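J.: Task: produce atomic coordinates for the following.
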Amino acid sequence: MGRTPERESLYDFSMPYLTLQGAAFIRKGSASDISTANLNTKEIVVMKGDNAEEYARRHHLSPYIFTYNTLQEAFLRLAEGQHDVLLVQQVTGLNVIRELGINNIETLNLSLPNFQQDYCFAVQKGNASLLTKFNEGLSIVIANDSYKTIQSKWFGPDILGRTTSREALENFVLYLIILILILVGIWIYTLRRQIRKRTKRLKREVQDHRQTLFLLERQKNHLLQSEQQVRLLLNSTAEGIYGIDLKGNCTFINQSALKLLGFISPDEVLGQNMHLLMHHTHNDGSNYSIETCKIHEAIQQSKGTFVEGEMFWRSDGTSFLSEYYAYPVIKSGQITGSVISFRDITRRHMAQQELMNLKNDLELKVAERTAELEEKIESLNKNQRAMLFLVGDLNAISAELKEERKKLELSNHELEAFTYSVSHDLRAPLRAINGYAEFLIHDYAPLLDDEGKRFIHVIRSNTLKMEQLITDLLRLSRVFKTNLTLMPVDMGEMARSIFIGLTDSIHQKSYKFVLHPLPKVLCDGGLIKQVWQNLIGNAIKYSAKSPVKEIEIGAEERESDLLFFVKDKGAGFNSAYKKKLFGVFQRLHRDDEFEGTGVGLATVQRIIRRHGGQVWAEGEVGQGATFYFTLPKQ
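T.: Residues are numbered from 1 along each chain as shown. Presented below is the predicted three-dimensional model:
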């Protein structure tokens, strides 16, 4: 078969056993009008499907290409003057001219690069073994000069003068058949020998391959099982875990890490530089270079490290405090990367900070109350015998209070221990102070002057106030450790009953109480009741001195939550200090104006936050105040 680029996409070809040069045929006398430069303006005629047609179209020789079903017809049209140039293999063209007896056509010395026809054996695409046999057979024929003798005899330069076209064609076909038979015989003989050898070798290889395949399959199953177990272990842990290579690019990541970092699919992270992705900035917003990164140091120094309090960044640009462990991965004595496990410690950090603030506030209040007691005690009349006994008792109690404060400082790391200490150790000396003060009033009243009696009343008043403060703090602490018991609560009925419970029948008539319809809410009824008691109680207390005593309670349904409010027209507050309203022991009014401990609104805030809501207030001095809080719909 003639080899062409178009046919190479369909077949594999052997080395050529015959090459025929192409030629351009023209009418005699027209050579001066045709050249390579103006060939694209001439009409070219070729036989349909011939190598010459493929060559002319492949090289875009002319836009005027005409095809005929036979070469005889093409030569006749050219001889009649219908076209300018005919392209065909030179030997074939000369044979057709002799056969037709045409004498007005000649060949043109025209430069047509690579215009030749290589005749090769063609095999189906991919049949490399058969192709090899053809090439080996051709090599043998060429090596013993048989091929050269046949080619010189039948395709020499003087073929036109020795034989007729029919004889040339018959001889060509005859020798071609003989050549093919020789090559096929050689190929069959060689093939049989190689088949016998290869069959034996293949049988051994097949047996070896079967054994190897069995071992590989078993090993593959073990690896798959191990991989599934490791993947299950990684995805079942709550900690985020990921691995990086020496360049810091992610090699694997578990589901917890994806969730903590705000990603959905591992494809979003794998191959990415993890430092640039989620560890690029310090807590203060400054750039965190990879050279100073502790994870990078774990790889460089070949040792594990633990870091707490550094910022990790999510995919949406937000950040969280983290603690993490980083360990180098070592294979065959070489470090290949690192494995990092981390967790979000934002809530723990906030809880520690809040506990520390509570501790500091409590220490301050205890110190203040202790100082007040010592000052009151020292101011008593030391000349009176009864007061001397009282002072001695009070000093002892003060020492007990200091001791209890030290115990509290040691135990306030655990809220439960703090609650126990407050409820049992602080209340006992307060009751003692109050009891001794009451004994003094009843048993030694005649011995005391008015100033001494006033001192004792001050002591009793402050002990009762401190006991109320302790009660409020205990109620605040229970908010943290009480489990939420969710149930449907009728907020309207609860608000109405609390208002009635906080006022007697006389005061109820002096207040204008407006209660709008309130929805039922799924919440902890006991805790929410404390919210209503504090807010409605504050509205009643701070409206007591106001000429307009009006309390309004209502609710509004929003997209994702329910908004409740308690509004009064009482004393109000300075809006510049509204952020302090919900802090522990934070009060915006003096004790001689309105009594209170400064714990109620802090309790309200923590209860609402435990339910997933928010609380805030708005007000102006003398214009009243409005307290808002939200609860989720579900």
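J.: Now do residue 439: how many residues are near it, please.
T.: For residue 439, the count of nearby residues is 14 (other CB atoms under 10 Å). Every residue, glycine included, has its C-beta placed from N, CA and C.
J.: With residue 437 instead?
T.: Neighbours around residue 437, by other CB under 10 Å: 22.
J.: go on, residue 280?
T.: Residue 280: 17 neighbours (other CB under 10 Å).
J.: where's it relative to residue 53, distance?
T.: Plainly put, residue 280 is 65 Å away from residue 53 if you go by CB to CB, to the nearest Å.
J.: Pop the domain breakdown of this structure in here.
T.: The chain resolves into domains spanning 2-175, 237-344, 349-480, 485-632 when parsed by automatic domain parsing.
J.: least reliable of the ones you listed going by mean pLDDT?
T.: Lowest mean pLDDT of those: domain 349-480, a mean of 70.
J.: what about the helices in the stretch 301-450 of the chain?
T.: Shown for the stretch 301-450 of the chain, the helices assigned by DSSP state H, counting those that start in this stretch span residues 346-378, 385-411, 415-421, 427-443, 450-481.
J.: Just give the closest residue to residue 618, not the sequence neighbours.
T.: residue 626 (5.2 Å; CB to CB, 6 or more residues apart in numbering).
J.: Specify the local secondary structure of that neighbour.
T.: Secondary structure assignment for residue 626 (DSSP: H, G, I helix; E, B strand; the rest coil): strand.
J.: mind listing what it touches?
T.: 565-568, 617-619 (CB atoms under 8 Å, 6 or more residues apart in numbering).
J.: Report the buried members of those.
T.: 565-568, 617, 619 (16 or more other CB atoms under 10 Å).
J.: Counting only helices, which of these make the cut?
T.: Using DSSP state H, no member of those sits in helices.
J.: for the biggest strand by length in the chain, packing partners?
T.: Counting by DSSP state E, the longest strand found in the chain is strand 319-331. Secondary-structure packing of strand 319-331 (3 or more CB pairs under 8 Å, 6 or more residues apart in numbering; DSSP states H and E): helix 294-301, strand 305-313, strand 334-344, helix 346-378.
J.: Can you tell me which of those is most buried?
T.: Among those, strand 334-344 has the highest mean neighbour count (mean count of other CB atoms under 10 Å), at a mean of 19.
J.: Residue 111 contacts residue 36, doesn't it?
T.: Yes. Counting by CB atoms under 8 Å, residue 36 is a contact partner of residue 111 at 5.4 Å.
J.: if you count what's nearby, which of those two comes out ahead?
T.: For residue 111 versus residue 36, the count of surrounding residues by other CB under 10 Å is larger for residue 36: 12 against 9.
J.: Quick one: classify the more buried one as helix, strand or coil.
T.: coil.
J.: Could you list which residues are in contact with it?
T.: 110-112.
J.: ditto for residue 552
T.: 514, 516, 565-568.
J.: Let me know the closest of the contacts of residue 626 to residue 452.
T.: residue 568 (41.0 Å; CB to CB).
J.: distance between the ends of stretch 73-90?
T.: 17 Å (CA to CA, to the nearest Å).
J.: quick one: contacts of that stretch?
T.: 20-27, 30, 33-34, 39, 42-47, 50-52, 55-56, 66, 68, 71, 93, 96-97, 100, 102, 104-105, 107-108, 110, 112, 115-117.
J.: distance between it and the chain's centre?
T.: Relative to its chain's centre, stretch 73-90 lies at 72 Å (CA atoms, centre = their mean, to the nearest Å).
J.: Likewise for stretch 12-30?
T.: 66 Å.
J.: Just the buried residues of that stretch, please?
T.: 12-14, 17-18, 20, 22-27.
J.: can I get the CA coordinates of stretch 627-634 in CSV?
T.: The C-alpha trace of stretch 627-634 is given here as CSV (Å, rounded to 0.1, in the frame of the first residue of the first chain):
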residue,chain,number,x,y,z
PHE,A,627,-35.0,46.6,78.1
TYR,A,628,-35.0,44.2,75.1
PHE,A,629,-34.1,40.5,74.9
THR,A,630,-34.4,37.9,72.1
LEU,A,631,-35.0,34.2,72.1
PRO,A,632,-34.7,31.9,69.1
LYS,A,633,-37.9,30.7,67.4
GLN,A,634,-36.7,27.1,67.7
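J.: Strands along the stretch 1-150 of the chain, start to end?
T.: Applying DSSP state E, counting those that start in this stretch to the stretch 1-150 of the chain gives strands spanning 2-3, 11-13, 18-27, 44-47, 65-68, 85-89, 105-108, 116-119, 122-124.
J.: Just the angle for the third one relative to strand 85-89, thanks.
T.: Spelled out, it's strand 18-27. Strand 18-27 runs at 160 degrees relative to strand 85-89, counting by axes from the mean of the first three to the mean of the last three CA atoms, to 10 degrees.
J.: Can you list the strands that strand 18-27 pairs with?
T.: Here strand 18-27 has these sheet partners by DSSP bridges: strand 85-89 (antiparallel), strand 105-108 (antiparallel), strand 116-119 (antiparallel).
J.: which one of these lies closest to residue 560?
T.: strand 116-119 (79.8 Å).
J.: Need the residues that contact that closest one.
T.: Against strand 116-119 from outside (CB under 8 Å, 6+ apart): 1-3, 13, 16-22, 51, 89.
J.: For residue 295, state which of these is nearest.
T.: Closest to residue 295, out of all of those and judged by CB to CB, is residue 13, at 59.3 Å.
J.: The closest one touches residue 127, doesn't it?
T.: No. In this structure residue 13 lies outside contact range of residue 127 using CB under 8 Å: 11.5 Å.
J.: Buried only: go through the contacts of stretch 73-90 for me.
T.: Among these, those classed as buried by 16+ other CB under 10 Å are 20, 22-27, 34, 39, 42-47, 50-52, 55-56, 66, 68, 71, 93, 96-97, 102, 105, 108, 110, 112, 115-117.
J.: burial count for residue 572?
T.: That count, for residue 572 with other CB under 10 Å as the rule, works out to 19.
J.: related to what we said a few turns ago, between the contacts of residue 626, which sits nearest residue 374?
T.: residue 617 (36.2 Å).
J.: Not counting sequence-adjacent ones, nearest residue to the closest one?
T.: residue 627 (4.7 Å).
J.: and the residue nearest to residue 91 when sequence neighbours are not counted, how far is that from residue 94?
T.: Closest residue to residue 91 apart from its sequence neighbours, by CB to CB, 6+ apart: residue 20 at 5.6 Å. Distance of residue 20 to residue 94, given as CB to CB: 11 Å.
J.: again, but for residue 123
T.: Taken as CB to CB, the span from residue 123 to residue 94 is 32 Å.
J.: next one: residue 458
T.: Applying CB to CB to residue 458 and residue 94 gives a distance of 140 Å.
J.: With residue 303 instead?
T.: Applying CB to CB to residue 303 and residue 94 gives a distance of 88 Å.
J.: Between the two, which is the more surrounded one?
T.: Ranked by neighbour count (other CB under 10 Å), residue 303 and residue 94 place residue 94 first, with 19 against 11.
J.: Does residue 206 lie in a helix or a strand, and which?
T.: helix 165-236 (DSSP states H and E).
J.: Which SSE is immediately downstream of that helix?
T.: Moving toward the C-terminus from helix 165-236, the first helix or strand encountered (DSSP H and E) is strand 240-245.
J.: Next, the buried residues of that following strand.
T.: Buried, per 16+ other CB under 10 Å, within strand 240-245: 240-244.
J.: What helices and strands are in contact with whatever helix or strand comes next after it?
T.: For strand 240-245, the following helix or strand on the C-terminal side (DSSP H and E) is strand 250-253. Judged by 3+ CB pairs under 8 Å, 6+ apart, strand 250-253 is in contact with strand 240-245.
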